[in-house]
Every structure is written in C-alpha cells, then in structure tokens.
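*Asks:* got a sequence here, can you build the structure:
(one chain, ligands or ions: 1)
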Amino acid sequence: MSGIRRPKGTQDLLPDGSPQLKAEFSARGHRHLVELAAKVLENAGAQYIQTPMFEMVEVIKRGVGDSTDIVRKEMFTARAQGDEFILRPEGTAPIVRAFVENGLKQLPAPAKLWTYGAMFRAERPQKGRYRQFHQLDYEVLGSDDPLIDAEAIALMMQVIDRLGVKKIELKLGSVGDPEDRQGYNQYLRDLFSPHEERLSEDSKARLVLNPMRILDSKSQSDQDLIAELQPRMMLDHLGEAASAHFKQVCEHLSTWGIPYTIDPSIVRGLDYYRRTAWEIHHEGVGAKSALGGGGRYDGLAELLGGPHTPGIGWAFGIERLLIAMEAEGVTLPEPEGLLLYVAALDESTLGVAAKLAFEARQNGKAEFSYRPKAPGKHIGDALKKNARYVALIGSSEAEAGTVTLKNLQSGEQRTIQQTELLSNLQGTP
Ligand code: HAM
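*Replies:* Presented below is the predicted three-dimensional model:
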C-alpha cells in the first residue's frame, strides 16, 4: 500500500461530505479564507501576484538566511539538468525576487501585493505543522513609513475579524536595525559562550550564526539556561531610529483601537527581518505555534541583487486559521443553494432537461436528472438537494415548448414557456 499513499506531512484538501473530513483540510474552508482575504486586501489596494512553486536555491539561502531552521534542515531540494532548486518554503523571498527581476519598482510606490499557495518545509509533522501547508501572504514594497507597518498589521487583524475568530493575541516587537542586532548578538554571545556546553547542538550553531535565535529554541535545556541567565531583550537594544519607528507603529495601532501586547523578546524564524516584527497567536493552535506572523525586511531586495527597496509583510497559515475557527466553533458560510432542479419525466426529454439546466446556470446552481422518474420522486430528490425550484418536463411539455415550474418554498406551480424559464427564476426570492 505504501506506494499509493500521499507523502508524510502532506494532505489532500477534500470536499464536503468526505468521511472524517478535518476542518483544516476542508477544500471549501481553504477557498473561503482565500476569497475573504482577497476581498480585504484588494479593498486596501493590493494586487494579486503568483510566483513559481520552486526557486533557485540561492534565492532562499540568501533571502531567508543560512542560520534559519528552514535553510539548515527543512529544505525540499530537487536537481534537474545540473541546476538545484528548492520548493518554496515561504512567499516573501520569492515575491521580492520577482519584484526585482520584473522591474516592479516602476509600479506606484508602495506596491501592495498578495498571494496564497502551498509552501514546503521538511518539518516533523504534527497537528498544525505540515511539510506542505498553505499560506495567505501580503507584502508591501517601497516604503518604510511606520504607517505602512501599522496598516499591514491592521489588515491582518481585519482578516481575523472578518473570519469571526476572537481569541487571538497580537505580539508585537522590533528586531531593530542590523547594527542594533549586531550589538545585541554580541551581548548574547558574551552571555551564552561561558555556558556553551549546556546548549543544544542547534543552539551551539546559533551561537556562531545568529545568537538571537537561541531565545526561540524549542529545546528544554536551552530554555532552562535562558531562564537562569535572564538575558536582556532585543527591545532594550534598539537604536534611536528603530526605537522611534517602533513607537510610531504602536501609536497608530493604539489610535485605531487595535489591541496588542508588546513582546520584547520577539524572534522570528527568518533572518531578513528588521525593525517591526510580530506574531498572532491563538490558544487553539498551541503556544509554540503562531496563526501568522510578519515583519519588515528593508534589506531583502539588496540581498537578492536589487536596488534598496524597503518592504514589510505577513503570512497566515491557512490550516492554522481553520484550526482556530474550529476551536471557537466558527463555521464556514453555507455554500450557495441549488436554484433549480430540472427533472425529465420521460427518456425522450432527458436531453431538453439537461439543456434547460445548462441555461439556468447563468443565474445560479442548476442540476438535472440523469434518469427519468415519476414527478413525486423528482420532487423528493429536489427537496433533498434543497433546491428552490423544480422544473418538470414530460413529452407533452417538450412538444409544446413548455415546462412545469414548481416553487418548492411556496408550493406554487405553473406551466410556462421554456423561453421564460430564466426570467421566472430571477424575479423570485
Ligand atoms: P513564518 O512565521 O515562517 O513567516 O510563517 C507564517 C505562518 O505560516 C506561520 O505563522 C504558520 O501559521 C504558517 N506555517 C509555517 N510553517 C508551517 C508548517 N510547517 N505547517 C503549517 N503552517 C505553517 C513567513 O513565512 C514569512 N514569509 C511571513 C512574512 C511575510 N514576513 C514578511 N512577509
């Protein structure tokens, strides 16, 4: 059997009615989130963008950073014809690569972009953590104004709000400018180095590459050492510029009544961040995992060979949003109901019935019977399908060019011309 199973950590997104359908893998749930986010983001001026599912490895190594778990142990790489590729682990570095490569700097600044799609990280799968997962992603390029940061966060909160999810916490911080981080990393190096032997293997490497990431470690021994040493926080190491920027972001959010908690120790899992960084957490998803996160990345375009282009953005995990909705008992909106069921009474009218249904699909959902049945049976089928109307067509109606239309809500039944079918469906509730 093993050959015909999907790979570990991947999921099939399934239609309603599938046995044991889980909320986070509901195909309708995924679509609902994408459509809702598209509305929120496009109403704010964002445009849709789509990049390839795989990139040249360099884009991710340079963009996301060598010290990250993503690059050190979670890359899905593939070789073909001498080139090495990586299945994209996130959307930001690819979008910035596309921005630079396609000259999108010509767009009016700031350029607001959004996308969604599958991302790939070779993680150890568990609930809410998969090897192929889906993100909703928003990026703004071309401005470092704190108002852009605050608007990005506000849009993220608006998506949550529109979904009906409530029990969230927005944790906001700043990782400073590169020179602030250098100073902070040196401070951490000095602090942790005398205790290096107590650090996990991963954190020994982080001590060299990016000591800040030790604070984010999932290892208990690392966390014990952190609790003992009580390091000062990044937020206390901000330079004047980053500090003033952060203050303004906070002020905008406060003005708009967006609740947030300042998290002085925020460390995101990607190296490109500068200044504002945040995560949104939900108790249903677990303390160690975020519903989504984002931050500013003013140096990323240059890392990818482009001109200096400040940027900021965020991504939600679609599966995690669906887990949060389920945890709060928020249900998906009902799909559109069946407008019309066209039912053939005789073998000879099956084709006409189908054609009438095709036409009615201009107005809404319409299905037709694949077999002729008695009128009562058809009406029973239409009621089971929650149809608003049923149109019955026997050979005498077919000859006369008519159809018997029954409104299943009011019970009213009339014989009308087939050519009038559409207008009769339109005018009624
Ligand atoms: P990230 O924090 O790595 O940020 O991922 C964003 C979200 O994707 C997470 O909060 C989580 O909901 C979801 N996610 C990540 N890994 C997994 C996984 N293995 N399984 C399920 N869900 C997962 C980024 O990716 C940045 N590109 C966000 C960003 C955009 N920053 C600026 N612009």
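*Asks:* and the stretch 101-250 of the chain, which of its residues are near the ligand?
*Replies:* Proximity of the stretch 101-250 of the chain to the ligand (CB under 6 Å from any ligand atom) is limited to residues 121, 123, 128, 129, 130, 133, 135, 137, 139. Backbone N, C-alpha and C define where each C-beta goes, glycine included.
*Asks:* what does the stretch 301-429 of the chain give?
*Replies:* Near the ligand, when you scan the stretch 301-429 of the chain using CB under 6 Å from any ligand atom, you find 313, 314, 315, 316, 317, 319, 320.
*Asks:* how about 5 Å then?
*Replies:* Counting by CB under 5 Å from any ligand atom, the residues of the stretch 301-429 of the chain close to the ligand are 313, 314, 315, 317, 320.
*Asks:* helices along the stretch 1-150 of the chain, start to end?
*Replies:* Under the criterion DSSP state H, counting those that start in this stretch, helices of the stretch 1-150 of the chain are mapped to 27-43, 57-64, 69-73, 92-101, 146-163.
*Asks:* buried deepest among those helices, which one?
*Replies:* helix 92-101 (a mean of 23; mean count of other CB atoms under 10 Å).
*Asks:* which outside residues touch it?
*Replies:* Contacts with helix 92-101, where a contact means CB atoms under 8 Å, 6 or more residues apart in numbering, come from 49, 51-52, 55, 59-60, 62-64, 88, 104-105, 111, 113, 115, 137, 139, 141, 270, 272, 297, 300-301, 304-307, 309, 311, 313, 315.
*Asks:* restricted to strands, list those.
*Replies:* Among the contacts of helix 92-101, the subset assigned to strands under DSSP state E consists of 55, 111, 113, 115, 137, 139, 141, 311, 313, 315.
*Asks:* so the second one sits against residue 143, correct?
*Replies:* No - Residue 111 sits out of contact with residue 143 when judged by CB atoms under 8 Å, with a separation of 9.2 Å.
*Asks:* looking at these two, which one has more neighbours?
*Replies:* Residue environment comparison for residue 111 versus residue 143 gives the larger neighbour count to residue 111, 22 against 18, counting by other CB atoms under 10 Å.
*Asks:* where's that one relative to residue 294, distance?
*Replies:* Residue 111 is 16 Å from residue 294, where distance means CB to CB, to the nearest Å.
*Asks:* just name the shakiest helix or strand of this structure by mean pLDDT.
*Replies:* Ranking every helix and strand in the chain by mean pLDDT, DSSP states H and E puts helix 421-426 at the bottom, with a mean of 88.
*Asks:* and the contacts of that one?
*Replies:* 339-340, 356, 359-360, 362-364, 389, 391, 403, 405, 414, 416.
*Asks:* state the number of residues packed around the closest residue to residue 21 other than its chain neighbours.
*Replies:* What sits nearest to residue 21 in space, not counting adjacent residues and going by CB to CB, 6 or more residues apart in numbering, is residue 14, at 5.5 Å. Using other CB under 10 Å, residue 14 has 15 neighbouring residues.
*Asks:* now for the contacts of helix 421-426: which two are most distant?
*Replies:* Of all pairs drawn from these, the one with the longest distance (CB to CB) is 362 and 414, at 20.8 Å.
*Asks:* for the residue of the stretch 251-400 of the chain found nearest the ligand, which residues are in contact?
*Replies:* Taking CB to the nearest ligand atom as the measure, the point where the stretch 251-400 of the chain comes nearest the ligand is residue 317, at 2.4 Å. If you count contacts by CB under 8 Å, 6+ apart, residue 317 has them with 128, 133, 134, 135, 290, 291, 292.
*Asks:* tabulate the CA atom coordinates of the least confident helix or strand of the chain in CSV.
*Replies:* Provided in CSV are the C-alpha atoms of helix 421-426 (Å, rounded to 0.1, in the frame of the first residue of the first chain):
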residue,chain,number,x,y,z
LEU,A,421,-37.7,29.9,-17.5
LEU,A,422,-34.8,32.2,-16.7
SER,A,423,-36.9,35.3,-16.1
ASN,A,424,-39.2,33.3,-13.8
LEU,A,425,-36.2,32.2,-11.7
GLN,A,426,-34.8,35.7,-11.5
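*Asks:* domain parsing for this protein?
*Replies:* Here the chain is described, according to automatic domain parsing, as comprising the domains 23-176+238-327, 340-424.
*Asks:* what's the mean pLDDT across the longest one?
*Replies:* Domain 23-176+238-327 carries an average pLDDT of 96.
*Asks:* ends of it, how far apart?
*Replies:* 10 Å (CA to CA, to the nearest Å).
*Asks:* heads up, I number from 134, so please use that
*Replies:* Noted, 134 is the first residue going forward, which turns the last one into domain 156-309+371-460.
*Asks:* what about residue 389, neighbour count?
*Replies:* Close neighbours of residue 389, defined as other CB under 10 Å, add up to 12.
*Asks:* ditto for residue 350
*Replies:* The burial count for residue 350: 18, using other CB under 10 Å.
*Asks:* from what I can see it touches residue 337, true?
*Replies:* No - using CB under 8 Å, residue 350 is not in contact with residue 337, being 10.9 Å away.
*Asks:* separation between the spatially most central residue of the chain and residue 154?
*Replies:* Nearest to the mean C-alpha position of the chain, counting by CA atoms, centre = their mean, stands residue 269 at 2.5 Å. When distance is defined by CB to CB, residue 269 is 21 Å away from residue 154.
*Asks:* residue contacts, residue 489?
*Replies:* For residue 489, the set of contacting residues under the criterion of CB under 8 Å, 6+ apart consists of 475, 501, 524, 526, 536, 551, 554.
*Asks:* quick check: bridge partners of the fourth one?
*Replies:* Using DSSP bridges, the beta-bridge partners of residue 526 come out as residue 477.
*Asks:* looking at the domains of the chain, which is buried most?
*Replies:* Between the domains of the chain, the one whose residues have the most neighbours on average, counting mean count of other CB under 10 Å, is domain 156-309+371-460 (a mean of 19).
*Asks:* need the helices for the stretch 434-562 of the chain, in chain order.
*Replies:* So, for the stretch 434-562 of the chain - with DSSP H, counting those that start in this stretch - the helices run 451-460, 483-493, 508-517, 528-533, 554-559.
*Asks:* could you dump those helices into JSON lines with distance to residue 215 added?
*Replies:* Converted to JSON lines, the helices of the stretch 434-562 of the chain look like this (distance: least, CB to CB, whole Å):
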{"stretch": "helix 451-460", "distance to residue 215": "35"}
{"stretch": "helix 483-493", "distance to residue 215": "50"}
{"stretch": "helix 508-517", "distance to residue 215": "58"}
{"stretch": "helix 528-533", "distance to residue 215": "65"}
{"stretch": "helix 554-559", "distance to residue 215": "58"}
